[in-house]
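Colleague: Show me how the following folds:
(chains A and B)
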Amino acid sequence: MTNPKNQRRIGIDVGGTNTDAVLIDDQGAVLSSIKVATTVDPLDGIRDALRAVLEGQDASLVSRAMLGTTHPANAIIQRQGLDKVGVLRLALPSSTAVDVGAAWPQDIRDVVLGPTAIIHGGHEYTGAEIAPLDEDAIRRLANEAVAAGCKAVAVSGAFSPASPDHELRTADIIGDEVGDALSISLSHQVGALGLLERENATILNASLLTVSHAVVYGFQTALAANSLDVKAYLTQNDGTLMTAEQAAKNPVLTLASGPTNSMRGACALAGVDDAIVVDVGGTSADAGILVNGFPRESTAAVEVGGVRTNFRMPDLISIGLGGGTIVRDGPDGLKIGPDSVGYAVSTEALCVGGNTLTLSDISLAAGRLEGFGDAALVAGLDGDLVSRSTGWVDDQISILADRMKSSRDPVPLLAVGGGAHLVPNAIDGITEVARPSHFGVANAYGACIAEASGSVDKVYSYDIDGREECIEDARKAAAALAVESGADPEDTRITSVSEIPMTYVPGGGCRVVVKAVGPLR
Amino acid sequence: MTITELSADDIESLCVGATLLGTGGGGDPYIAKLVARQALEKHGPVKVITAEDLPPDAQVLTIAIIGAPTVILEKIPAGTEFTTAVKALSDYLGEAPAAIMPIEVGGLNTLLPIATAAEMGLPVLNADGMRRAFPQIEMTVFTLGGIPAGPMSVADEKGNLCVFETTSNQMAETLARTAVIQLGLANAISCYPMTAGQVAEHAIADSLTYCRDIGRMLESVQRNEEGAWDRFLSETDSHRFFEGKIVDLDRRTTDGFARSTLILHDLHGSDQVMRIEVQNENLIAFVDDEPVITTPNLICLLDHETYEPLTTEAIAYGNRCHVVGMPCAPEWQREGVMELVGPEAFGYDVDYVEMPS
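Modeller: Down below sits the predicted model:
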């Protein structure tokens, strides 16, 4: 068998507007890249992108294909293609003070929530049962869900991340009762501690199963249509990989892969592990920070389509500054944004013969922008207005960079996106401003370089087992899971360890969360 | 007439205020917000009364959740544990309650008594024993006033309950903690049974409306309303001590408490460094090793841009924040306060620092 490390990879990113693909060699060099329009059926856009990126290339040298996609995220945002879901919470007699779907926006409740039941079951923090599992109630709910037209059931038990057996038994009982009529999502496979948020994520996951199967089927069909006999992966929210089969079952874990892939791709293209990434589009500038090659994650609860989940997402700050941002100068002084002509900048800006003064016009007049518009059309702009506007832009970017920085130590900054010309070359506290080549396909590149991972989220008793021993146990378990997901044991490393003390829990109870990552074997 | 009503609309502001009064701890009020909202939607608005609205000998019972915040995230309240605890204590005392009172207006325990009052069809008494979060049952102005925490009741959602007679409020803390370890660490406690007359004399008055009002003021600040920040500071007699950025966050787990140290660098570029010592709640803030705010005064961190109050769990490297010192309720200013909740009570060799006037 040939060493897979010597083989090529394809990364694909399906965005709201464009589908990008990139082919890289074993050293990570870009051999070809392409951008095509995103299609409603994921298959068409992916197949076209694959065909284009392989034009003139030897497809037999490709060993892997990685996909990052916004299809599931868009399904939630647009409330389209979502299945109705039956919901079981295994927690009675606890938890009745908060209903299933509490605090959900009404429109998504209407689409997604089918019959729900809070039934006896679930576990205590000690691992003891809260109550024996109510098997009759499971059968009742399964039949109600089928009768109500549900395609899936979401099952969430109290403390299931530590004690999954009630959820697993529930899945067996539903299968016995209604066969394949219902797909099943189990919360311990989807989220971490925090029952309500995990339940929300599990319901969303269940409602996305039809969409995710279409995406994975489309991906695999598109690969076959291009004669690619490769291993297929999807990228997760944290920038690591799942096999296509896993992704079809856990679509909610792929929802936020876009920003992560973009940041990781940009940094890899620039050859750095620690950097601030500023992505400037038509309307906004989004900043994030990579530490040791991974985005710093937000500590705040993440809402998906108005539903609170406990996923960790990249910590991003967004400000209203982009290539299409409208510039006004009047008696009250200079006013820039936050409104923007957005993507219409290519027809609306002064420098392309439009009627709106935008930041792209300012950049062109200031000599920062090349390859867009006609400089003659902005030659008449007042020099003072231009310098005041660039001064404002520089201040905003500088504040944005400082808000993202973790310490006073200077770091590099990567400017990407169509409006990257707005980012000045010198910023306080920034060692250098880099503008990586191929940044237009940073997302697809980020998908391409993603690695396998494993993570552990477990409650330990430090007083009984000792802190060092507990952390070592979690590290070993995470590394073993990463290897199980395909990571090379030789190169698997621990990327994060966090300890969350469980206040008031006896025995020095501490929740330990460890993640291990390694390149695919 | 002092009677007002709390409706589902007030819950949002109370939640913002409760997070601020949690001073970094107190448990995330989010679950309590959902519980209170559901109870109010089901049972209708709750009357908010003061001790003076009741006959002096009327029975007032408190309710709170006791356990571990991390466990409560998995083991969501049933609602019945709270009514069970109240009824058990009321049966033991042979007196039906005329009102439900919070003991801790700050964090998770601010909103739960509202849900219990709604469920029991009782008014909620606009007063409490802390007007901030503290980690132990005995850390109340009631203890300073000589009010015993017992008899008290602890209940779970399954029907297990115990009533304790206790010889000191410290013993009440010890016994309640021991019980909840066996009962699943997400339980209800009703303690400090008092008459309305005792409440009028010893409790911190108007703490629920205070919490709602600071929540509203902060919401105005969050909407960028003109002068709202200055109004918030002056109405609460608070001072902004620092605008800084979190550059270090050391979480330790030496004993049952979540101890940590936060280090902030000055946002405006000076060399000043702020250090905040945390045990569940923010307890002492130093600037360049000089203590500037000490418990029982409140140390509140707010996001620099959004003015959201920040809990210790939500704080991360790089957060930019305002550090505000807020004087504790004046009812704390009496003999014994330092031994009970001053720096020494938490093991710090630091003298109490007066708030600037």
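Colleague: ranges for the strands of the stretch 1-150 of chain B?
Modeller: With DSSP state E, counting those that start in this stretch, the ranges of strands along the stretch 1-150 of chain B come out as B:4-6, B:46-49, B:59-62, B:64-67, B:99-101, B:124-125, B:127-128.
Colleague: same check, this time on the stretch 251-357 of chain B
Modeller: With strands called from DSSP E, counting those that start in this stretch, the stretch 251-357 of chain B shows them at B:259-266, B:273-279, B:281-287, B:290-294, B:298-303, B:320-326.
Colleague: Tell me which of the strands of the stretch 1-150 of chain B sits nearest to residue A:36.
Modeller: Between residue A:36 and the strands of the stretch 1-150 of chain B, the tightest spacing by CB to CB is seen for strand B:64-67, at 54.8 Å. For every residue, glycine as well, the C-beta is placed using N, CA and C.
Colleague: Report how many residues lie close to residue 134.
Modeller: No chain in the question, so chain A it is. 19 (other CB atoms under 10 Å in any protein chain shown).
Colleague: Let me rephrase: I mean chain B.
Modeller: 26.
Colleague: wouldn't it be in contact with residue B:103 here?
Modeller: No - Residue B:134 is beyond contact range of residue B:103, at 9.8 Å (criterion: CB atoms under 8 Å).
Colleague: where do the contact lists of these two overlap?
Modeller: residue B:140 (CB atoms under 8 Å, 6 or more residues apart in numbering or on different chains).
Colleague: Would you mind naming what in the stretch 251-400 of chain A lies close to chain B?
Modeller: Residues of the stretch 251-400 of chain A lying near chain B by CB under 8 Å from any CB of the partner chain: A:289, A:296, A:298-301, A:315.
Colleague: Closest to chain B out of those residues?
Modeller: residue A:299 (4.6 Å; CB to the nearest CB).
Colleague: So for chain A, which of the strands of the stretch 1-150 of chain B sits nearest?
Modeller: Closest among those, once you apply CB to the nearest CB, is strand B:64-67, at 6.7 Å.
Colleague: Mind giving me the packing neighbours of that closest one?
Modeller: helix B:112-120, helix B:169-182, strand B:186-190 (3 or more CB pairs under 8 Å, 6 or more residues apart in numbering or on different chains; DSSP states H and E).
Colleague: most tightly surrounded among the ones you listed?
Modeller: strand B:186-190 (a mean of 29; mean count of other CB atoms under 10 Å in any protein chain shown).
Colleague: okay, the angle between it and helix B:112-120?
Modeller: Orientation of strand B:186-190 against helix B:112-120 (axes from the mean of the first three to the mean of the last three CA atoms, to 10 degrees) gives an angle of 80 degrees.
Colleague: got the angle between strand B:186-190 and helix B:169-182?
Modeller: Using the same axes, to 10 degrees: strand B:186-190 against helix B:169-182 is 150 degrees.
Colleague: List the strands paired with strand B:186-190, with their directions.
Modeller: Sheet pairing of strand B:186-190 (DSSP bridges) gives strand B:64-67 (antiparallel), strand B:152-155 (antiparallel).
Colleague: where does residue 341 land on pLDDT?
Modeller: Reading this off chain A. pLDDT recorded at residue A:341 is 88.
Colleague: was after chain B, sorry
Modeller: In this model, residue B:341 carries a pLDDT of 98.
Colleague: same question, residue A:284
Modeller: pLDDT for residue A:284: 87.
Colleague: And for residue B:255?
Modeller: On the pLDDT scale, residue B:255 gets 55.
Colleague: okay, the strands of the stretch 1-150 of chain B in TSV with mean pLDDT next?
Modeller: What follows is those, written out as TSV (pLDDT from 0 to 100):
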stretch	mean pLDDT
strand B:4-6	84
strand B:46-49	95
strand B:59-62	98
strand B:64-67	96
strand B:99-101	98
strand B:124-125	97
strand B:127-128	98
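Colleague: Deepest in the core, which of the ones you listed is it.
Modeller: For the strands of the stretch 1-150 of chain B, where neighbours mean mean count of other CB under 10 Å, the stretch averaging the most is strand B:127-128, with a mean of 32.
Colleague: counting contacts, what elements does that one pack onto?
Modeller: Taking 3+ CB pairs under 8 Å, 6+ apart as the contact cut, strand B:127-128 packs with strand B:204-205, helix B:207-222.
Colleague: any idea how chain B splits into domains?
Modeller: Domain assignment of chain B by automatic domain parsing yields the ranges B:4-207, B:237-346.
Colleague: Quick check: end-to-end length of the first one?
Modeller: The reference is to domain B:4-207. End-to-end span of domain B:4-207 (CA to CA, to the nearest Å): 14 Å.
Colleague: before we move on, back to that, out of the residues of the stretch 251-400 of chain A next to chain B, give me the two with the largest separation.
Modeller: Checked with CB to CB, these reach their widest spread between A:289 and A:301, with 20.0 Å between them.
Colleague: the more surrounded of those two?
Modeller: When residue A:289 and residue A:301 are compared for neighbours, residue A:289 comes out ahead with 26 against 16, by other CB under 10 Å.
Colleague: May I have the secondary structure class of that one?
Modeller: Following DSSP: H, G, I helix; E, B strand; the rest coil, the label given to residue A:289 is strand.
Colleague: Hmm, it is touching residue A:298, no?
Modeller: No - the criterion here is CB under 8 Å, and residue A:289 misses it with residue A:298 at 11.2 Å.
Colleague: which neighbours do these two share?
Modeller: Taking CB under 8 Å, 6+ apart as the criterion, residue A:289 and residue A:298 both touch residue A:315.
Colleague: rewinding a little: for residue B:240, find the nearest of the strands paired with strand B:186-190.
Modeller: Of the strands paired with strand B:186-190, nearest to residue B:240 by CB to CB is strand B:64-67, at 31.1 Å.
Colleague: hmm, back to that, nearest to residue A:98, of the helices and strands packed on strand B:127-128?
Modeller: Comparing the helices and strands packed on strand B:127-128 by CB to CB, helix B:207-222 comes nearest, at 20.9 Å.
Colleague: Tell me how far the closest one lies from the chain's centre.
Modeller: 14 Å (CA atoms, centre = their mean, to the nearest Å).
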